[in-house]
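how would this look folded up:
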Amino acid sequence: MNNYRKHLKAALIVALGYGLGVVIGVVIINLVFDSGLLDSVVNLFDKQHLIAGLIVVFAVVVLGGAIAGAIGGLILSYAVPSENRKRPIARSALGLGFGFGVVLLPLMFLVALQAIYNAGGTSPAGFIISTGVAGALFGFVSGIMTGTLPRKTSYWHVTWVVTLAFAIGGLAFGFGLWNYFYALYETGVGTAQLLFAFFIFGAVGGLVLGWIFSRDQEKVALPGDDDQAPIQARFFKKRGFWGTVLFAIGIYLLTRLIAFSPLNFSEDHLSAYLPSDSIGVHWSDPWVLTETDSTVGQSGVAQAGDLVAITWLEDSGAGSDVFYTSAPHVDDELTVWQLPTNVSESQRTNSTDPQIAVDSAGQIHLVWTEALAGEVDDSAIFYRSCLDGECGESVALSNPGAADCGGDQNITPTIAIDANDTVMVVWNSGTDNLAFLSWEADAAIPDSQSCALDEWSSAASNPRLAAYPDGEFALAFDDGEEIFVTSSDAAAFTVVDQEAGRMPEIFIDRRGVVHTTWCGIDGQVKYREEGKRTKTIPSPACLNRPALGQDADEVIHVLWHANQAELPSGAVIDSNLIYESRLVTNAWTTPTIVNLSAPSAQPAISTSADGTLHLVWDSFQEETGRVNYANFRVYECSQADLNEQGQLALAVAQSGDYRPTDDLVPFCHNQFDSLLILPKADPAYSDNPPTLNGAFDDVSALIQSARYEVLLSTMWYETDDTGTSPGVVLAEGVKKLYDQVKANPDQYPRGMTVRILLDNPPEFALSRLVTQVWNVFRHMRYAGLTIMDDPEIGWKMEVANYSGSLPHGHTKIVVIDGKTAVAAGFNFQHKHQSKDHPSGKGKDDYDLGLQMTGPVAQVTQLSFDDLWSGSNRITCPDLDSDSPLWWITCRREFATAEHVPEVKKYYLAESNANAFALHRTEKFNESDVTVPKTVSSAQETLDVLQVNFTLKMICDLNLLFEVCDFRDALSYMQAMMEAIETNQVQTRVLIKSGPIEAVESNIAVTEFREVLEERGLSHLVEFRYFNDSVHAKAVLIDNQFLLVGSQNFHYSAFGDIALTEFNIGTDDPDAIAAFQRFFEYHWERGDPIPFEE
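Below is the predicted model of the structure:
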């Protein structure tokens, strides 16, 4: 017992010595750095100032550590007397000196890691464990030096025990350092906490060293102890052998675990070049021209000049009538359609087969079939014209008693007007020919019809007319088995071509070339250009007449109705749809779905002189009949519409470094939807309705709006046991989407694909040991979604970990159907919830996301695919199992990025804002180049909202000594300085405060301000702390170009070795106004950063 007291007393004395030694060493280091004596040394090496600064820092730290070790060794030599007192002093000085130097960079990296991941508001466990590891490293280095001091204790035994001791000391030091940061943040004073942390660190290591040396001296004094040495050696050798075996087994199991975890280090799947893979342009969203309880159908469309006119049939059950409407300038949301007009006024008889045409004066001409009252099966062809909403009297065109082609059963009229305003109407008169009338639009209608077909004596039905540019007409029709194409002369039409099939449509292009499409006898859509061979469009079977048009690029479009759809799984479902295929480079594109339709829909197209296509079709949804109109425009952008920042962004995009120089950069025809706000929108700075979960609710609603595909990436995806995490909001949105698809599979004719990509960050940084992908599965099970693959309805849910963790992903992207994109800064974490959130875990951490609809979504989709392809996709076939081991059957596969063709088209939004999708990876640095270029172009103002604002990582050593200055600024900071100095730009910077996060930012702010002061620019720039926690990344340039996304003004987001990032830049005035409102509100409430910080 006395010996134990003796050892404990020695250990406590040595602990005190080493604790004080470390404190004294740290104080001396600080005094040397603060003295300014070393600045002149570093300044001698202008071009190598960073290397010189590092050498100076290392030397001073090693010296301070040596002093700490010498003091501890001195106390050790007195507490445990030995023959040579100089030996423990020298070895201890050497050990602690090198130990201080070795752990310098790991500690700097540790602080940087906590700042990168904004760990200030989280549990300190990760930080404390990390400092424990750094302490172990320190102990190992020190133990190597001091392990030779004991005479009877194993060298490696001393080394490992000292390593363990300083690891424990490191844990205590981490706790003290964490409290120091908080004390400094809250009170501005934290010296006592910091010195106490260093004291505890040294004292714990000294305690163990004192005990070991005291015990060793006791062994030296015992006679005969040497006889036990061989036995102890054999014991430790045997224990070491089995320890080594167990260590090897542990390492093997760890490598297997890592193989199925996110800890992978491959970036081989990333691309340095991303050419567009979009396949065309979407039709516009439909205008619903009428909604009625009646059955609608047989719609038609015509166009001349700026006027578009549409006709259709409404059948109330008691009788059917023909209606029409018209509108000028059908190209934007301001289009006003005329109220529908009943032109047939049939009064309980049936009017059918409406057709429409427009002459050059804007006069609308309509024809239709009308059943004759009191006459069974007899019908007549009626005509009526309307101008400026006023219609003339209805006129019967058909004459049953006519000498030529007179009959009682007149049906299926067709009408066309040529360039000379000659009106022609052709119809089936019930005879073995077709009847026709022709007259000038402003002249009287002839009294009697003529036969349209020259030398024809068999059945003829379903006629379709088209006009040549020079004033003639062409006619197509069928006889039930074959279709015929004719050309006109002065008196009649002559057949020039025939093919097997039925229900033809005819179109004449601007060159006067005749194009015909029809349904073949095999049910497939056929097409023929005059003078060329017939082509078959591989398609779902057509059920009635196809529609035909040619756009401004002279691409032929064929549309038709079908009642089946093939899912990606290969399953076929029933669904009434309008399909489209386009003739591109002499080949037909894969048929794509334009929209849902009624069971008997028959699309109709009219082509404007400028190549705009006008489409009408019928649909039946929510128990109402609808007539729908959509248009198609060739996608063209004008560089002249871009402001200075847009011009710079376009120049980077077209440089050839990132895509082919002739690739389309889809910057125009985009539309701002919303500025997503967390923790929740507030009427004080947003028009968004406030909801419990803020932007998380917005993302959930966006997911539920998908028709084909959802793509989502996030870095952090937290879970909890209360069901209130943001991940649950996401999972419930996905579950509701699944329920919609399951209940109405015909409304989702390509099924639904949902892809969730986790960006694979180092979760240990926030004390998490479970891969986030399992959190996603856990939430899906919680929400009741236990099916990853449902081939019957085409449902597919895919979850993957980004394949690479150093660097990992940092993108926050949402893409819906290739039409709508979100570039965000927020993760799915509790901290973004409000402090009054039911979870009780909200931190009011403000963040933003920019949601836009338009072609920018196609580039965003391409960015997502670059990250997704080759990542580690996890598939769990037993997700629905009640077993706690449901995960045991999960397997890893390489992710691939296939898409249905409907999501690979540019969607032209109703507004015409410009937007650029900016992607960055290690191999693709477009955003790295574009952001500084646009920032440096500022002429008047810069408003910067950032969670981080830093120099290079190594500059964190400026906490000790000014290793770096503004010469080590990264590109975004240099760009800001260039704009300020060159153009006297008024600059406001709003950044996050905090005990950990602000450490790096304050270093950069100090260096930035020093340069401003030197150059006489201080009056142009103001820095403020955000009034709460903030995680947003946004820049507004000259109040005319806004950047929002995931890319911090931080060394982790720029350069050769940095995280993956994504931004959207736009000149949309509504987006800019929304951001200005948010920024101004928080700027007014921000705290100015004092110069000394």
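
for P504, see how far away A357 is.
18 Å (Cβ to Cβ, to the nearest Å). Just so you know, the C-beta spots here come from the backbone N, C-alpha and C atoms, and that holds for glycine as well.

residue nearest the centroid of the protein?
I813 (2.3 Å; Cα atoms, centre = their mean).

just for the stretch 601-750 of the chain, where's the confidence low?
Along the stretch 601-750 of the chain, the model assigns pLDDT under 70 to no residue.

per-domain residue ranges of the protein.
Listed domain ranges for the chain are 2-217, 223-259, 294-396, 670-891, 916-1088 (source: automatic domain parsing).

can you get me the start-to-end distance on the fourth one?
Going back to what we said before, that points to domain 670-891. Domain 670-891 has its terminal residues 40 Å apart, counting by Cα to Cα, to the nearest Å.

can you give me how far that domain is from the chain middle?
Here domain 670-891 is found 11 Å from its chain centre; the criterion is Cα atoms, centre = their mean, to the nearest Å.

that older thread, now the domains of the chain in a markdown table, with distance to N420?
Output for the domains of the chain, formatted as a markdown table (distance: least, Cβ to Cβ, whole Å):
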| stretch | distance to N420 |
| --- | --- |
| domain 2-217 | 72 |
| domain 223-259 | 76 |
| domain 294-396 | 9 |
| domain 670-891 | 40 |
| domain 916-1088 | 45 |
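
lowest-confidence stretch among those?
With a mean of 47, domain 223-259 has the lowest mean pLDDT of the domains of the chain.

picking up where we left off before, tell me who's in contact with the residue nearest to the centre of the chain.
Residues near I813 by Cβ atoms under 8 Å, 6 or more residues apart in numbering: 711-713, 821-824, 860, 863-864, 1062.

buried ones in stretch 473-489, by neighbour count?
Within stretch 473-489, the residues scored as buried using 16 or more other Cβ atoms under 10 Å are 473-479, 483-488.

hang on, the earlier thing: now for the domains of the chain, which one comes closest to A403?
Between A403 and the domains of the chain, the tightest spacing by Cβ to Cβ is seen for domain 294-396, at 16.9 Å.

for that closest one, how far is the first residue from the last?
First-to-last residue span, domain 294-396, Cα to Cα: 26 Å.

before we move on, what about stretch 560-575?
13 Å.

same thing with stretch 368-378?
Taking Cα to Cα, stretch 368-378 runs 14 Å from one end to the other.

swap in stretch 704-719?
Stretch 704-719: ends 22 Å apart by Cα to Cα.

buried stuff in it?
704, 706-719.

out of those, which is nearest to V754?
Of all those, V754 sits closest to V710, with 4.5 Å by Cβ to Cβ.

so how far is K735 from the nearest residue to that closest one once chain neighbours are set aside?
Distances taken as Cβ to Cβ, 6 or more residues apart in numbering put V754 closest to V710, at 4.5 Å, once the chain neighbours are dropped. Separation of V754 from K735 (Cβ to Cβ): 10 Å.

more neighbours: which of these two?
V754 (22 against 19; other Cβ atoms under 10 Å).

for that one, identify the helix or strand it belongs to.
strand 752-758 (DSSP states H and E).

can I take it that W337 is in a strand?
No - W337 sits outside any strand when classified using DSSP: H, G, I helix; E, B strand; the rest coil, being coil.

before we move on, back to that, which of the buried residues of stretch 704-719 fall in strands?
709-714 (DSSP state E).

now these in JSON lines, with distance to P749?
Shown next, in JSON lines, are those (distance: Cβ to Cβ, whole Å):
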{"residue": "E709", "distance to P749": "13"}
{"residue": "V710", "distance to P749": "16"}
{"residue": "L711", "distance to P749": "19"}
{"residue": "L712", "distance to P749": "23"}
{"residue": "S713", "distance to P749": "27"}
{"residue": "T714", "distance to P749": "29"}
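
can you pull out the strands in the stretch 451-600 of the chain?
461-467, 473-478, 482-488, 493-500, 502-508, 514-519, 525-529, 535-537, 547-550, 556-566, 572-584, 587-588, 592-596 (DSSP state E, counting those that start in this stretch).

distance to D1038 and mean pLDDT added to those strands, as a markdown table?
As requested, the strands of the stretch 451-600 of the chain are exported to a markdown table (distance: least, Cβ to Cβ, whole Å; pLDDT from 0 to 100):
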| stretch | distance to D1038 | mean pLDDT |
| --- | --- | --- |
| strand 461-467 | 52 | 94 |
| strand 473-478 | 56 | 94 |
| strand 482-488 | 59 | 91 |
| strand 493-500 | 61 | 90 |
| strand 502-508 | 48 | 96 |
| strand 514-519 | 50 | 96 |
| strand 525-529 | 51 | 96 |
| strand 535-537 | 50 | 94 |
| strand 547-550 | 43 | 96 |
| strand 556-566 | 41 | 94 |
| strand 572-584 | 41 | 94 |
| strand 587-588 | 46 | 92 |
| strand 592-596 | 41 | 95 |
